[in-house]
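Peer 1: Have a look at this prediction, sequence included:
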Protein chains: 2
Amino acid sequence: MTTHTADALVEGLVAICRAPYVLTAEADLASYLEDWRGRYHGRAIAVVKPADTAEVAAVVRFCADHGLAVVPQGGNTGMCGAATPDSSGQSVVLRLDRLNRVRAISPLANSITVEAGCILQTIQQAAEGVDRLFPLSLGAEGSCQIGGNIATNAGGTAVLRYGNMRELVLGLEVVLPDGTVLDRLHRLRKNSSGYDLKQLFIGAEGTLGIVTAASLKLFPRPRVSALAMVALPEIEAALTLLERLRGQVGDRLASLEAMSRGQIEVIAEHVPDVSIPFALDAPWFLLIELTDTLAGTDLRTPLEEALGAAFEEGLVVDAVLAESEAQAHALWKIRHSVSEGSKRAGYVVSHDSAVPLENQALFARNTERRILEEVPDARVVMHGHIGDGNIHVLAILDAARFPDAAAAAPVVARINAVVDDETTALGGVISAEHGIGISNRGRLGRVSDPVDLALMRRIKDLLDPAGLMNPGKVLPPTA
Amino acid sequence: MTTHTADALVEGLVAICRAPYVLTAEADLASYLEDWRGRYHGRAIAVVKPADTAEVAAVVRFCADHGLAVVPQGGNTGMCGAATPDSSGQSVVLRLDRLNRVRAISPLANSITVEAGCILQTIQQAAEGVDRLFPLSLGAEGSCQIGGNIATNAGGTAVLRYGNMRELVLGLEVVLPDGTVLDRLHRLRKNSSGYDLKQLFIGAEGTLGIVTAASLKLFPRPRVSALAMVALPEIEAALTLLERLRGQVGDRLASLEAMSRGQIEVIAEHVPDVSIPFALDAPWFLLIELTDTLAGTDLRTPLEEALGAAFEEGLVVDAVLAESEAQAHALWKIRHSVSEGSKRAGYVVSHDSAVPLENQALFARNTERRILEEVPDARVVMHGHIGDGNIHVLAILDAARFPDAAAAAPVVARINAVVDDETTALGGVISAEHGIGISNRGRLGRVSDPVDLALMRRIKDLLDPAGLMNPGKVLPPTA
């Protein structure tokens, strides 16, 4: 393609979005062409920032007409490179920033309708403004966009109680690969009127179309909460405790976040403003949060009773209950520092497996052992959402030996293989909440059932026969 | 097709399922060739009862090879004729009865894996057996099969608290139209590993494949409950009350079932063993149930307080609180008698619309008025799941004037049209929980967005290019 043609293409995009919203200068593009961890780099003809759904549709149609790839990008906070264009230079990065309106909010119907570029935190705050809760909560909530959360079927720390992103979606508006707009933006709780097409686009990472707006569930706001950090004699205790707690307090159990001792040590070493108000003399720690919507409900007593009984049974060896908001905040701060602490500790090879709950302890033990067999000097630490079967296993490598992705690639491949094999053997999947993107597509191909994979490819070919929607993502490379 | 060929086809089916499980005699077929209300009638080469997934797959492959339609049938309790074959006589009715095992149950993981032919009540009881709740609950629970519940994305009286069928499914096993088995039967709470293919088959009424097994969510069993029946000055009060109650008691609000005065009058007139322990001097009545998993929780006080406040505000004009299990049972009995009572009252034209909650009162008022404009002597009564936006509007016609479906057809079409127009104008869908089947496909075509419909047809053509999976269901007839 000649420079002249590239200019003509840019002109076409400018005609749709206007010049200030079509970036082409190298310096302007840079931040959009790599992921936040700096692991993936690509090239693009332009970065465009359409104003609304109609402009998104027009850009997509224009790209379809001219054989250009479209790479939708939200907050660019993803873990798997799904928002980074490939190196062909034949892509248009489509930013959703300007589609950032809350279109409607109904406390009666417990629903909110938002555009794809809304920051997650903005939605949480809009819900609070009408005395409701939008429960999705994750590390990047201050900068990630809801369109990206939907495209990756995001998880986070509230899944145990409120479900993952898919379960929070009532309706979607989607620009299909030919530029048609699919309007499934209703706010209905129940619908058995034909195929539920919106499901196709949740978790598809922009490979089947671009989510431009969504109707989401809201919930009553919790009025009271109680928080404890407990030390466990072994990981199995976490699961027994989960069962007991859920049987007793039901949905008051809002979060159950596990960290291995090694994970907390990494935080204590590398994140200066975190204090650990308990001895690190147990192999696992568990953050337990109960909440209730009924003001005045005593949550502390059932929590103390449950932990007291667990202590007598030997399921818990130590416990700290938060006595104030400040203490609760300090305990949560430990959990929220896992990414920062781990990143500073070395080159992180992180995993996102989910396995059936009853296999989770075995999964944690086996992966640690097998990673250490492969890389004896790796630091293997774990944290995650134990009630969801989703523990993030991290192998932290010496940054001096593995300064970047290229240097780490061979050992990363070996570590991934043992984790993926263990995941699959125990009936799990390799991505619970981060998605597939670029980084995991080969791995997905390796562990997937061929029937599954074949049907995924047929769906992709049906919706996007030219293969222009976020190419090179999700679907494994063909041999 | 000659008799000889039909014999050969039956022989092929017998080779797969064995003779006792291939029915061909007219008397043996009769009950499978019409729906339970006697509104739809079809013909079939045979009714087969395969023993397991492998036999289902073999039957489907055999039918694909021989150009035969496959009509999956569960308990045959559906509302829309989705399990009745067409009149071509080129169909095989595939009963799932013998796939009736509970394959696994895990109280720790709160999951159960069942085969498609399991009766809903059997699954509820299996869950109870390990001290858990499987919440799906509906009138036909003693005879409907879970495969049919999944195929129609069933609703019922617990959706407000636990979600509809789709939200209760963790994994599926599906026989695709070419006889391939898609194994997505994991029990994972979180999965962002590629497209969520199982969603395609939930609510597709067997038009894209046959569900043979499912992994489902279980929940902690409620230990305490409180129940009230309240009289409302107008339907709007139900929605305000919903908002108040949810804000106060959160997920303790388990059911909120509305009935119009006319609906209860129909029950009082036609169901002898129901007693109505309150005066029918209000236009709407509401059954409110709170439950909690924490034994010893006082639900009565918050319910009384909420109703007391509502009474002072004029949102409630009368209330009966159940003082015993027997009284609670008697109040639920009224709600559970709506089908029986209505059926005895005349020829019932029933609707299953869902609209956004804030439009529900307007929907109820407008549909009643417009039906009466069309058919002044119709008896218009309503009941349903007001917290879900799903009110069943029933027009009960004089059985003497409208003895059967054929006689009623013209007036039914007019009534449906006004209800469907009102539903669509208020942002709703024509089927919330009953499905589309035969009866609603023309209506779906009339009200659907063409983009939506086109994508549904493309999905259908992709998965079932020969059109042999439950033909004539869900998708509107092409012009």
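Peer 2: Ah, there it is.
Peer 1: name the element A:T423 belongs to?
Peer 2: Element membership for A:T423 (DSSP states H and E) is helix A:405-425.
Peer 1: What is that helix packed up against?
Peer 2: Counting contacts by 3 or more CB pairs under 8 Å, 6 or more residues apart in numbering or on different chains; DSSP states H and E, helix A:405-425 packs against strand A:347-350, helix A:360-374, strand A:390-397, helix A:441-447. (Glycine included, C-beta is placed from N, CA and C.)
Peer 1: so that helix versus helix A:360-374, what angle?
Peer 2: In terms of direction (axes from the mean of the first three to the mean of the last three CA atoms, to 10 degrees), helix A:405-425 departs from helix A:360-374 by 140 degrees.
Peer 1: Where does the prediction get shaky in chain A?
Peer 2: Along chain A, segments meeting pLDDT under 70 span A:1-4, A:479.
Peer 1: Let me know which of the helices and strands packed on helix A:405-425 is tucked in deepest.
Peer 2: Scoring these by mean neighbour count under mean count of other CB atoms under 10 Å in any protein chain shown gives strand A:390-397 as the most buried, with a mean of 25.
Peer 1: how about that one, does it reach chain B?
Peer 2: Yes - counting by CB under 8 Å from any CB of the partner chain, chain B is contacted by strand A:390-397 at A:N390.
Peer 1: For the host helix or strand of A:V47, which strands pair with it and how are they oriented?
Peer 2: For A:V47, the host element (DSSP H and E) is strand A:46-48. Sheet pairing here is set by DSSP bridges, and for strand A:46-48 it gives strand A:22-23 (antiparallel), strand A:91-95 (parallel).
Peer 1: Looking at those, spot the one closest to B:V22.
Peer 2: Between B:V22 and the strands paired with strand A:46-48, the tightest spacing by CB to CB is seen for strand A:91-95, at 55.7 Å.
Peer 1: So what's the residue count around whatever residue of the stretch 101-250 of chain A ends up closest to chain B?
Peer 2: At 3.2 Å from chain B, A:G250 is the closest residue in the stretch 101-250 of chain A, using CB to the nearest CB. For A:G250, the count of nearby residues is 22 (other CB atoms under 10 Å in any protein chain shown).
Peer 1: A:G38 too?
Peer 2: Neighbours of A:G38 using other CB under 10 Å come to 9.
Peer 1: would it count as being in a strand?
Peer 2: No - using DSSP: H, G, I helix; E, B strand; the rest coil, the assignment for A:G38 is coil, not a strand.
Peer 1: Quick check: residues of the stretch 51-200 of chain A near chain B?
Peer 2: Counting by CB under 8 Å from any CB, the stretch 51-200 of chain A sits next to chain B at A:106-111, A:131, A:152-155, A:159, A:163-164, A:166-167, A:176, A:180-184, A:186-197, A:199-200.
Peer 1: Sitting in helices, which of the residues you listed do you find?
Peer 2: A:V159, A:R166, A:E167 (DSSP state H).
Peer 1: which one of these has the most neighbours?
Peer 2: Ranked by neighbour count under the definition other CB under 10 Å, those are headed by A:V159 with 26 neighbours.
Peer 1: Name the nearest residue to it, ignoring sequence neighbours.
Peer 2: A:D388 (5.1 Å; CB to CB, 6 or more residues apart in numbering or on different chains).
Peer 1: I figured the one you found hits B:N191, correct?
Peer 2: No - counting by CB atoms under 8 Å, A:D388 sits too far from B:N191 to count as a contact (10.2 Å).
Peer 1: quick one: common contacting residues for these two?
Peer 2: Common contact partners of A:D388 and B:N191 (CB atoms under 8 Å, 6 or more residues apart in numbering or on different chains): A:A354, A:A432.
Peer 1: okay, those two: which has more neighbours?
Peer 2: Neighbours per residue, other CB under 10 Å: of A:D388 and B:N191, the larger number sits with B:N191, 26 against 23.
Peer 1: now the more buried one: how far from chain A?
Peer 2: 5 Å (CB to the nearest CB, to the nearest Å).
Peer 1: Count the residues that sit near the residue lying closest to that residue once chain neighbours are set aside.
Peer 2: The shortest distance from B:N191 to any non-neighbouring residue, by CB to CB, 6+ apart, is to A:V429 (4.9 Å). Residues near A:V429, counting by other CB under 10 Å, number 24.
Peer 1: Now the phi/psi pair for A:V429, please.
Peer 2: Here is the backbone geometry of A:V429 (degrees, to the nearest 10): phi -130, psi 150.
Peer 1: Show me which residues of the stretch 301-450 of chain A sit near chain B.
Peer 2: Counting by CB under 8 Å from any CB, the stretch 301-450 of chain A sits next to chain B at A:302, A:352, A:354-358, A:385, A:387-390, A:427-436, A:440, A:444, A:448-449.
Peer 1: Show me those residues that map onto helices.
Peer 2: With DSSP H as the criterion, helices contain A:P302, A:L444 from among those.
Peer 1: now the residues of the stretch 301-450 of chain A next to chain B: which count as buried?
Peer 2: Neighbour-count burial (16 or more other CB atoms under 10 Å in any protein chain shown) applied to these gives A:302, A:352, A:354-358, A:385, A:387-390, A:427-436, A:440, A:444, A:448.
Peer 1: wait, isn't A:N366 in contact with A:D421?
Peer 2: No - the criterion here is CB under 8 Å, and A:N366 misses it with A:D421 at 9.6 Å.
Peer 1: Where does A:R103 sit: helix, strand or coil?
Peer 2: Here A:R103 is recorded as strand under three-state DSSP.
Peer 1: ok, now which ones touch the closest residue to it other than its chain neighbours?
Peer 2: Nearest residue to A:R103 in three dimensions, chain neighbours excluded: A:T113, at 4.3 Å (CB to CB, 6+ apart). Residues near A:T113 by CB under 8 Å, 6+ apart: A:V102, A:R103, A:A104, A:I105, A:G171, A:L185, A:R187, A:A213, A:A214, A:S215, A:L216.
Peer 1: The fourth one touches A:V130, doesn't it?
Peer 2: Read that as A:I105. Yes - using CB under 8 Å, A:I105 is in contact with A:V130, at 5.8 Å.
Peer 1: More neighbours: these two, which one.
Peer 2: Ranked by neighbour count (other CB under 10 Å), A:I105 and A:V130 place A:I105 first, with 20 against 14.
Peer 1: residues touching the more buried one, list them.
Peer 2: With contact taken as CB under 8 Å, 6+ apart, A:I105 is in contact with A:S111, A:I112, A:T113, A:A126, A:A127, A:G129, A:V130, A:L218.
Peer 1: Chain neighbours aside, what residue packs nearest to A:A104?
Peer 2: Nearest non-adjacent residue to A:A104, counting by CB to CB, 6+ apart: A:T113, 4.3 Å away.
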